[in-house]
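# need coordinates for the below:
(one chain, ligands or ions: 2)
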Amino acid sequence: MSKKGLFITFEGADGCGKSTQMEKITQYLLSKDLELMVTKDPGGTDLGKKLREILLGYKGKIYENCELFLYLADRAQHIDEKIIPALKQGKIVLCDRYIDSTLAYQGYGRGLDKDKILELNNIVSHGLIPDLTLYFDVDTEIAMQRIGNDKDRLESEGIEFYKKVREGFLDLAKKQKRIKIIDSAQDIESVFTQVKAEIDKFLIPGKNNRSLDKGQLLRQNLRKADSKNR
Ligand SMILES: Nc1ncnc2c1ncn2[C@@H]1O[C@H](COP(=O)(O)OP(=O)(O)OP(=O)(O)O)[C@@H](O)[C@H]1O
Ligand SMILES: [Mg+2]
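Ligands and ions are numbered 1, 2, ... in the order given. Below you'll find the predicted structure:
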């Protein structure tokens, strides 16, 4: 792994098992003495926690553009305050949700223009894209059963919305190599085996190890971010 950071995002609908698997992979990576930063989007910073409270708990209507900009405001702070500094220190950053959730929920789910979302996201993230994205795919009905009755503002959306979000994630995964589909309908240990296999490809040197190219890309993005921050 040498000194470069690695940016890994965990994506999927509510209840698909992201938190469960992040916890397990955190233990696995810590057991290898790797330096980690585990964080979430939204709510990865003190300011972001306030925005998260609004996003998940506000009882009134939040209009679609306002919702998008609240997510992006959270991400702007998160990227500059925490994610880029951690990657520069060579840490592995595990982030619960990132751009693909914005595209799936606000783009495919709410119907906002996906190219515009990408453009705006590019501004707040300084073009930083994950090295690896694990998308936890599970039937919408199963995910909803897993959540149970304790639903937040977004989880209270109807099943049709969630079906659009799932189709969105699958479409994104089809188009982008960095997104790996994890079959999250399986039991927790079998899901973890899939997660570990994908992450190991970045940690264990070998023929198929793509970490060098990804690392180069990452350093380019960090340089870009640096010059913009100056
Ligand atoms: N593979 C699995 N099989 C069965 N139950 C699971 C599996 N993975 C997670 N669960 C259970 O489903 C529930 C939701 O899981 P978890 O909190 O990890 O999902 P999440 O993707 O983080 O959801 P959210 O987006 O709402 O944070 C938890 O009670 C968890 O124990
Ligand atoms: Mg979670």
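
# just the CA trace of the helix or strand containing Glu119, in PDB.
Taking DSSP states H and E as the criterion, the element that holds Glu119 is helix 114-125. Output of helix 114-125 as PDB, limited to C-alpha atoms (Å, rounded to 0.1, in the frame of the first residue of the first chain):
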ATOM      1  CA  LYS A 114     -27.900  13.800 -13.700                       C
ATOM      2  CA  ASP A 115     -25.300  15.700 -15.800                       C
ATOM      3  CA  LYS A 116     -26.000  18.900 -13.700                       C
ATOM      4  CA  ILE A 117     -25.600  16.800 -10.500                       C
ATOM      5  CA  LEU A 118     -22.200  15.600 -11.700                       C
ATOM      6  CA  GLU A 119     -21.100  19.100 -12.700                       C
ATOM      7  CA  LEU A 120     -22.000  20.500  -9.300                       C
ATOM      8  CA  ASN A 121     -20.500  17.500  -7.500                       C
ATOM      9  CA  ASN A 122     -17.300  18.000  -9.500                       C
ATOM     10  CA  ILE A 123     -17.100  21.500  -8.000                       C
ATOM     11  CA  VAL A 124     -17.500  20.500  -4.400                       C
ATOM     12  CA  SER A 125     -15.300  17.400  -4.600                       C
END
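
# check which helices and strands it sits against.
When contacts are defined as 3 or more CB pairs under 8 Å, 6 or more residues apart in numbering; DSSP states H and E, helix 114-125 packs onto helix 64-78, helix 99-101. Heads up, the C-betas are built off the backbone N, CA and C, glycines and all.

# buried ones in that helix?
By neighbour count on 16 or more other CB atoms under 10 Å, the buried set for helix 114-125 is 114, 117, 120-121, 124-125.

# what of stretch 86-103?
Neighbour counts using 16+ other CB under 10 Å place 86-88, 91-103 of stretch 86-103 among the buried residues.

# which of the residues you listed sits closest to ligand 2?
Distance to ligand 2 across these (CB to the ion) is lowest for Asp96, with 6.0 Å.

# ligand 1 versus that closest one, what's the distance?
Using CB to the nearest ligand atom, to the nearest Å, Asp96 is found at 7 Å from ligand 1.

# contact partners for the closest residue in space to that residue that isn't next to it in sequence?
Closest residue to Asp96 apart from its sequence neighbours, by CB to CB, 6 or more residues apart in numbering: Lys40 at 3.8 Å. Applying CB atoms under 8 Å, 6 or more residues apart in numbering to Lys40 gives the contacts 95-97.

# nearest to Leu172, of these?
Leu172 has its nearest neighbour among the contacts of Lys40 in Arg97, at 13.0 Å by CB to CB.

# wouldn't the closest one be in contact with Ile8 here?
No - taking CB atoms under 8 Å as the definition, Arg97 is not a contact partner of Ile8, at 12.0 Å.

# once you drop chain neighbours, what's closest to the residue nearest the centre of the chain?
The chain has Arg97 as the residue nearest its centroid, 2.7 Å off, counting by CA atoms, centre = their mean. Closest residue in space to Arg97, ignoring its immediate chain neighbours: Asp41 at 4.6 Å, by CB to CB, 6+ apart.

# for Lys163, same thing?
Among residues not flanking Lys163 along the chain, Thr140 sits closest, at 5.4 Å (CB to CB, 6+ apart).

# how close does the residue nearest to the centre of the chain get to Asp14?
The gap separating Arg97 from Asp14 is 10 Å, by CB to CB, to the nearest Å.

# can the helix or strand containing Leu94 be said to contact ligand 2?
Here Leu94, judged by DSSP H and E, is contained in strand 92-96. No - remark: strand 92-96 sits outside contact range of ligand 2, by CB under 5 Å from the ion, the gap being at least 6.0 Å.
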